[in-house]
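J.: How does the following fold in three dimensions:
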Amino acid sequence: MGILRKLGATTTAVAMLGVGVLTAATTAEAAPAAKTVVATKAAVATKAAAKKTVLVPGRRHIAKVCMTGRYLCINKKTRKVMFIVNGKLIAEGDARFGATKTPTRNGSFKVYRKSKNHVSSIYHSPMPDAMFFSGGQAVHYSSDFKARGYNGASHGCVNMRDRKKIDFIFSKVKIGDKVFVYNA
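T.: Numbers count the residues shown, from 1 in each chain. Modelled structure (predicted):
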């Protein structure tokens, strides 16, 4: 009787599969296809980001997208923050980024909040001249970066070590200015 039950269950599963209902076995087989769709979407997003990071010829490796309008152009490869207005470099400074476990996000953003004397609510560390662009990530001065240089990392923020430069950039950047973070 046990064999007939198994045979009946298999027949039912095959019949249900024919009308579009998936069994546990077919669901497990379908999982790689779902991963492929997600991977394809990620590849398309990466290609779109790569198109944006076409560089202007020169030693600064400025993304072309930063040449029109008001931009905080942040290049992770050259470790620079550049404030550019209509293609003109207004200010530039050294930058440090997030650690492997807390990376600085790449992409296009806008400055949505500025805070002159901000203190992190999560890490309780000072973030002077903070210009927030993605969640809790901001461009800001870091006394740790000034003291230790590149021997440290942030929790995802873009750290600057020159207080005068970040003060100047903070005074010029407006809410709504664009931020482009890239690695080229």
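J.: can you pull out the helices in this structure?
T.: Taking DSSP state H, the helices of the chain run over residues 2-18, 24-52, 143-148, 163-172.
J.: for the longest one, what is the average pLDDT?
T.: Taken as a whole, helix 24-52 carries a mean pLDDT of 45.
J.: Let me see the backbone angles for the residue minimising distance to the centre of the chain.
T.: Nearest residue to the geometric centre of the chain (CA atoms, centre = their mean): R105, 1.7 Å. Main-chain dihedrals, R105, degrees, to the nearest 10: phi -70, psi 140.
J.: isn't it right up against S134?
T.: Yes: between R105 and S134 there is a contact at 5.3 Å, judged by CB atoms under 8 Å. Glycine gets a C-beta too; all of them are placed from N, C-alpha and C.
J.: remind me which residues of this structure are low pLDDT?
T.: Along the chain, segments meeting pLDDT under 70 span 1-52.
J.: mind running it again at 90?
T.: Within the chain, the stretches with pLDDT under 90 are 1-60, 184.
J.: domain assignment for it?
T.: Using automatic domain parsing, the domain ranges for the chain come out as 2-52, 64-182.
J.: what about these, which gets the closest to G58?
T.: domain 64-182 (10.2 Å; CB to CB).
J.: Just give me how far the closest one sits from the chain centre.
T.: Offset of domain 64-182 from its chain centre (CA atoms, centre = their mean, to the nearest Å): 13 Å.
J.: and the end-to-end length of that domain?
T.: End-to-end distance of domain 64-182 (CA to CA, to the nearest Å): 12 Å.
J.: do the same with stretch 53-68
T.: End residues of stretch 53-68 are separated by 14 Å (CA to CA).
J.: List the buried residues of that stretch.
T.: 53, 61-63, 65-66 (16 or more other CB atoms under 10 Å).
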